[in-house]
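In: predicted model and sequence follow; I will ask about them next.
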Amino acid sequence: MKDLKHKSFIMQSTDRRNKMLHQGQFLFKYRGLLPVIFLIIGLIIFFFQVRNSALFFTEGEKHIYDLSCLVLALFGLIIRVITVGYTPKGTSGRNTTTQVADQLNTTGLYAVTRNPLYLGNFLIWLAIVLLCQHIWFTIFFLLSFWWFYRLIIFTEETFLATEFGAAYLTWKSNTPVFFPALGKYQPSTRTFNWKKVLRKEKNGVAAIFVIFFLFQLTRAIADDKDFHPLTFLSDHLFWSLCAIGSGLYYLLIKVISTTTNWLENTSGTPKT
C-alpha cells in the first residue's frame, strides 16, 4: 500500500513538473508580449484615472513623482547594462525559441542573484506600472510577474541543471533566485563589453523614454479638451527631447549594426 502511494506521489510530481516545464517554455517564447500587454492596459487605466481625477498626486507633485519613477526604471536599466556588459556571448540573450547557455555565469551580479536581468526588468516595469497610480493594477502586476517568471525561471533552471550539472547546483544553492544578497558579490571575471551593451540594450533605452513620453501624452489628452500637439511638446520639452533622443539613438545603433561590423564584437574578454 505504501509503495502504491509512493509511486502515485512520484507520478503526480512528474506530471506537475512536466506541466510547469511546458508552461514555462511557452511563456519563455512569448515573454516579450507581457510588457506590451501591461503597457496597453496601463495606458487605458491611466487615461481614465486622469479623466476621473483619481490620481494620488496633485499637479504640482506629478513632476517629482514621474521623475522618481524614471529613476527607478533607469536603475533597472543599469542592472541590465551591468549584467549584459559582463556576460560572454551565448548567455543572457534575447533568444525566444530555445534555451541557450554556452557558459555558466556565476560572478558579477550573478553572484548576488541568479536572475539579474529579470530583476532589472521587474524594476523597469514596476516603475511604469506605478505611473498609473492605481493600487489594484499594481497588485495585479506583482502577482502576474511572480506567476509568469516563476515558470520561466523553473524552465531555465531545469535546462541549466542538465547542461552544467554539479557546478550549477552548487552555485544555485549559494545564490538567491531573485532578490540579491549583496554580501555575496564577486567581481566579474570578464572585461566590460560596451559594444555589446550598445547593441543589446538599445531597445530598453528607447522603450523607457518613449513609454514615459506616452504617459505624459495620455495625461494631456485625457485632461485637456483643447489639446494641441505643438503646445504639448513645448510644455513637455524634457520628455519630448528624451523620447526623440532615445529614438534617434535606437535608429543610429540599428543602422550601424546592419551596415557595419563595428559592433559585432559582443563578447568581453576574460580578465588577466
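Out: Yep, it's here.
In: residue contacts, the closest residue to Asp223 other than its chain neighbours?
Out: Leaving aside its sequence neighbours, Asp223 sits nearest to Val50 (C-beta to C-beta, 6 or more residues apart in numbering; 5.2 Å). For glycine as for every other residue, the C-beta is placed from the backbone atoms N, C-alpha and C. Under the criterion of C-beta atoms under 8 Å, 6 or more residues apart in numbering, the neighbours of Val50 are Thr218, Arg219, Ala222, Asp223.
In: take these and keep only those in helices.
Out: Those of these mapping onto helices are Thr218, Arg219, Ala222, Asp223, per DSSP state H.
In: and the helix of greatest length in the chain, how far out from the chain's middle?
Out: Counting residues, the longest helix found in the chain (DSSP H) is helix 135-164. Distance, stretch centre to chain centre, for helix 135-164: 12 Å (C-alpha atoms, centre = their mean, to the nearest Å).
In: related to what we said a few turns ago, buried subset of the ones in helices among the contacts of Val50?
Out: Buried members of the ones in helices among the contacts of Val50, scored by 16 or more other C-beta atoms under 10 Å, are Thr218, Arg219, Ala222.
In: adding distance to Asn115 and pLDDT, write those residues out as a markdown table.
Out: Output for those, formatted as a markdown table (distance: C-beta to C-beta, whole Å; pLDDT from 0 to 100):
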| residue | distance to Asn115 | pLDDT |
| --- | --- | --- |
| Thr218 | 31 | 94 |
| Arg219 | 33 | 92 |
| Ala222 | 36 | 90 |
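In: Thr162: which of those is nearest?
Out: Thr218 (45.5 Å; C-beta to C-beta).
In: adding distance to Leu142, write the buried ones among the ones in helices among the contacts of Val50 out as CSV.
Out: Shown next, in CSV, are those (distance: C-beta to C-beta, whole Å):
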residue, distance to Leu142
Thr218, 22
Arg219, 24
Ala222, 25
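In: contact partners of stretch 244-260?
Out: Residues outside stretch 244-260 that contact it (C-beta under 8 Å, 6+ apart): Leu198, Arg199, Lys202, Asn203, Val205, Ala206, Ile208, Phe209, Val210, Trp262, Leu263.
In: just the buried ones from the residues you listed, in ChimeraX syntax?
Out: Under the burial definition 16+ other C-beta under 10 Å, those of these that qualify are selected in ChimeraX by:
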select :198,199,202,205,206,208,209,210,263
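In: of the contacts of stretch 244-260, which belong to helices?
Out: Among those, the ones falling in helices (DSSP H) are Leu198, Arg199, Lys202, Asn203, Val205, Ala206, Ile208, Phe209, Val210.
In: so which bits of the longest helix of the chain are buried?
Out: Residues of helix 135-164 classed as buried: 137, 141, 145, 148-160, 164 (neighbour count, 16+ other C-beta under 10 Å).
In: now stretch 170-184
Out: Residues of stretch 170-184 classed as buried by neighbour count (16+ other C-beta under 10 Å): Trp171, Lys172, Thr175, Pro180.
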